[in-house]
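*Asks:* Sequence first, then the predicted structure, then my questions.
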Amino acid sequence: MKKTLSLLLVLMLVISIFLTGCASEGNDSTGTNSPATSGGEQNAGDDSSEPIVIGALTSLSGALQDYGEQNQRGFMLGLEYLTDGTMKVAGRPIKVIWEDTTNVPDVARERAIKLLDVDKVDILVGAASSSDAAAVLDIAEEFKTVYVIEPAAADFLTGDSWNKYIFRTGRNSAQDAAAMADVIINSKAGAKVATLAPDSSFGTSMVQPIVNELIERGGELVHQEFPPTDTTDFSPYIMRIREARPDYLYVIWAGANNPWGQLMEYDLESYGIKITTGAPEIAALKSMTPMIGMQGFSVYHHTLPQNNPMNDWLKEKHLEKYNEVPDLFTPGGMAAASAIITALEKTSGNTDAEALIEAMEGMEYESPTGTRYFRKEDHQSIQPLYEIILREVDGIDYPVPEFVREIPAEDIAPPITAPGR
């Protein structure tokens with residue numbers, strides 16, 4: 001009798017543990033709590049009712065919250081568009097678990113481990129910050145899980161720090177630099193260029209690629225300035241740039257204390273110096289009213305893609321759902337969703353990392369800015385960007401990037417710097 005009672009107690013304990021496991025919680029695609037579903041090493045032979053679980057990391061708070069939220073919207077809308085609203089691929093339902101990195105690399109790492117070890121996600125995607133993304137690279141390799149980076153742009157993510165599980169749908173800094181150099185040299189062969197960027201890792205990392213691209217295309221770097229990030233008086237830096245007499249001044253800046261007004265006060269154009277930069281997100285464009293007429297490049301503005309059904313749908317749906325147009329980082333989220341769905345269609349729903357890597361290397365996929373593909377050597381997405389001119393448009397409270405031309409993807413493909421590739 002005692003033996004029978006002991007067996008019953010053990011059985012009840014096992015059932016209790018099982019039910020507790022089934023009730024463990026995670027943030028699903030709607031932001032509510034729902035049972036975490038086991039993912040991991042699923043294959044084409046799995047029950048088609050088993051969901052494909054995507055772990056999404058981004059900045060949903062902190063300094064890059066706006067970027068993270070744009071990316072989140074784009075990703076979820078992308079899944080809706082690419083599955084015709086079914087949220088299924090290859091017959092399997094899709095579940096997305098979102099985690100906030102808070103823009104802190106240690107938190108990003110912790111949340112990635114939670115997604116992989118507890119939630120058993122099949123694929124990782126994110127993050128807004130390059131530092132956050134960097135903290136996850138070795139975790140993806142340790143768990144042998146494909147990690148789709150979007151929109152973090154630091155070159156080393158698909159360069160020195162790359163591993164075979166890493167794919168990036170976003171462009172990297174070298175592609176931005178190539179686009180900027182292409183615009184400058186296309187306008188003036190052999191152009192002399194000066195740069196103005198903050199004295200920070202962001203500033204220096206963004207300047208070096210443009211130096212390399214200018215030399216490659218026959219241009220010349222003649223002067224550099226790196227003011228502190230909290231600078232409010234740019235006068236001495238602008239004066240030295242003016243004395244250097246470049247043909248172009250390439251400005252890289254982010255933040256409220258921007259140099260645009262003072263640059264116009266010093267009337268550099270009367271000294272034959274044209275100011276140029278990449279057109280940023282809408283909030284930052286609002287600070288660039290002094291720069292109307294500037295020629296530069298853009299990753300995205302909702303008016304730029306030409307004859308693109310995916311972008312047309314995104315604009316319409318985003319306006320309907322959020323009462324505003326998609327911004328700079330929204331199409332990247334949609335592109336990441338497109339890459340993942342395209343790959344899963346190729347594998348018939350098989351989420352095994354080796355199967356996905358084989359499907360994704362060299363794979364073409366559609367995006368709101370046109371066809372992209374993953375370069376086989378380093379899994380960097382090769383994609384077109386845009387030459388633009390900032391224009392004043394009636395009824396819009398910021399300078400609008402006007403389409404000049406699409407810069408072909410192959411013309412701005414970055415160098416391959418992944419180890420051993």
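*Replies:* Arrived safely, thanks for sending. Numbering: from 1, shown residues only.
*Asks:* Quick check: the gap between the most centrally placed residue in the chain and residue 336.
*Replies:* Taking Cα atoms, centre = their mean, the centroid of the chain lies closest to residue 151, which sits 1.0 Å from it. With distances taken as Cβ to Cβ, to the nearest Å, residue 151 is found 8 Å from residue 336. For the C-beta atoms, the positions are set from N, CA and C on the backbone; glycine is no exception.
*Asks:* anything in contact with each of these two?
*Replies:* Shared contacts of residue 151 and residue 336, defined by Cβ atoms under 8 Å, 6 or more residues apart in numbering, comprise 71, 170.
*Asks:* contacting residues around the nearest residue to residue 294 once chain neighbours are set aside?
*Replies:* In space, and not counting its chain neighbours, residue 294 is closest to residue 390: 4.8 Å by Cβ to Cβ, 6 or more residues apart in numbering. For residue 390, the contact set (Cβ under 8 Å, 6+ apart) comprises 279, 285, 288, 291-294, 296, 399-402.
*Asks:* same deal with residue 333?
*Replies:* Listed by Cβ under 8 Å, 6+ apart, the contact set of residue 333 reads 70-78, 150-151.
*Asks:* among these, which are in helices?
*Replies:* Among the contacts of residue 333, the ones falling in helices (DSSP state H) are 70-78.
*Asks:* Neighbour-wise, give me the winner out of these.
*Replies:* residue 71 (31 neighbours; other Cβ atoms under 10 Å).
*Asks:* Against residue 403, how distant is the closest residue to that one other than its chain neighbours?
*Replies:* Counting by Cβ to Cβ, 6+ apart, residue 71 lies nearest to residue 333, which is 4.1 Å off, once chain neighbours are set aside. Distance of residue 333 to residue 403, given as Cβ to Cβ: 22 Å.
*Asks:* ok, now residue 233?
*Replies:* Distance from residue 233 to residue 403, by Cβ to Cβ: 36 Å.
*Asks:* Could you do residue 122 as well?
*Replies:* 38 Å.
*Asks:* Counting neighbours, go ahead and name the busier of these two.
*Replies:* residue 122 (31 against 15).
*Asks:* if we can go back for a sec, I'd like to know the average pLDDT value across the helix or strand where the residue nearest to residue 294 lies.
*Replies:* Residue 390 belongs to strand 385-391 when elements are defined using DSSP states H and E. Across strand 385-391, pLDDT averages out at 98.
*Asks:* do stretch 397-405 as well
*Replies:* Mean per-residue pLDDT for stretch 397-405: 97.
*Asks:* quick one: stretch 316-323 to chain centroid distance?
*Replies:* In terms of Cα atoms, centre = their mean, to the nearest Å, the gap separating the centre of stretch 316-323 from the centre of its chain is 21 Å.
*Asks:* whoops, stretch 403-420 was the one
*Replies:* On Cα atoms, centre = their mean, the centre of stretch 403-420 falls 15 Å from the chain's centre.
*Asks:* Looking at the contacts of residue 333, which is nearest residue 301?
*Replies:* Nearest to residue 301 among these is residue 70, at 12.9 Å by Cβ to Cβ.
*Asks:* any idea how far the closest one lies from residue 126?
*Replies:* 13 Å.
*Asks:* what about the strands in the stretch 201-350 of the chain?
*Replies:* Taking DSSP state E, counting those that start in this stretch, the strands of the stretch 201-350 of the chain run over residues 220-225, 248-251, 274-276, 278-279, 295-298.
*Asks:* Tell me the strands beside the longest one, with direction?
*Replies:* Read it as strand 220-225. Strands that pair with strand 220-225, judged by DSSP bridges, come out as strand 192-196 (parallel).
*Asks:* Go through the partner strand and flag the buried ones.
*Replies:* Neighbour counts over strand 192-196 (16 or more other Cβ atoms under 10 Å) mark 192-196 as buried.
*Asks:* which other residues reach it?
*Replies:* 184, 207, 210-211, 214, 219-225, 227, 234, 237-238, 241, 244-253, 259, 273.
*Asks:* How about residue 188: what's its closest non-neighbour residue?
*Replies:* Nearest one to residue 188, counting by Cβ to Cβ, 6+ apart, is residue 247 at 5.6 Å.
*Asks:* Pretty sure that neighbour sits against residue 189.
*Replies:* No - at 10.3 Å, residue 247 does not count as touching residue 189 under the criterion of Cβ atoms under 8 Å.
*Asks:* quick one: which of the two has more around it?
*Replies:* residue 247 (18 against 10).
*Asks:* Could you pull up the residues touching that one?
*Replies:* 184, 188, 191-193, 272-274.
*Asks:* what's the closest of those to residue 307?
*Replies:* Proximity of the contacts of residue 247 to residue 307 (Cβ to Cβ) peaks at residue 184, which lies at 27.4 Å.
*Asks:* Please read off the pLDDT at the closest one from the model.
*Replies:* On the pLDDT scale, residue 184 gets 97.
*Asks:* beta partners of residue 391?
*Replies:* The residues that residue 391 bridges to, once DSSP bridges is applied, are residue 400.
*Asks:* okay, now it: neighbour count?
*Replies:* Residue 391 is flanked by 13 other residues according to other Cβ under 10 Å.
*Asks:* how close does it sit to residue 354?
*Replies:* Noted for residue 391: a distance of 49 Å to residue 354, by Cβ to Cβ.
*Asks:* pretty sure residue 251 is touching residue 197, no?
*Replies:* Yes - with contacts counted by Cβ under 8 Å, residue 251 reaches residue 197, the gap being 7.5 Å.
*Asks:* on that earlier part again, buried ones only from the contacts of strand 192-196, please, as a ChimeraX command.
*Replies:* Here is the ChimeraX selection string for the buried members of the contacts of strand 192-196, based on 16+ other Cβ under 10 Å:
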select :184,207,210,211,214,219,221,222,223,224,225,227,234,237,238,241,244,246,247,248,249,250,251,252,253,259,273
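*Asks:* for the chain, what spans make up the helices?
*Replies:* Under the criterion DSSP H, the chain contains helices at 2-22, 65-82, 105-117, 130-134, 137-142, 173-187, 201-216, 235-244, 260-265, 282-285, 309-322, 330-346, 353-360.
*Asks:* most packed of those?
*Replies:* helix 330-346 (a mean of 26; mean count of other Cβ atoms under 10 Å).
*Asks:* my guess is residue 167 contacts residue 379, does it?
*Replies:* Yes - in this structure, residue 167 is within contact of residue 379 by Cβ under 8 Å, at 4.3 Å.
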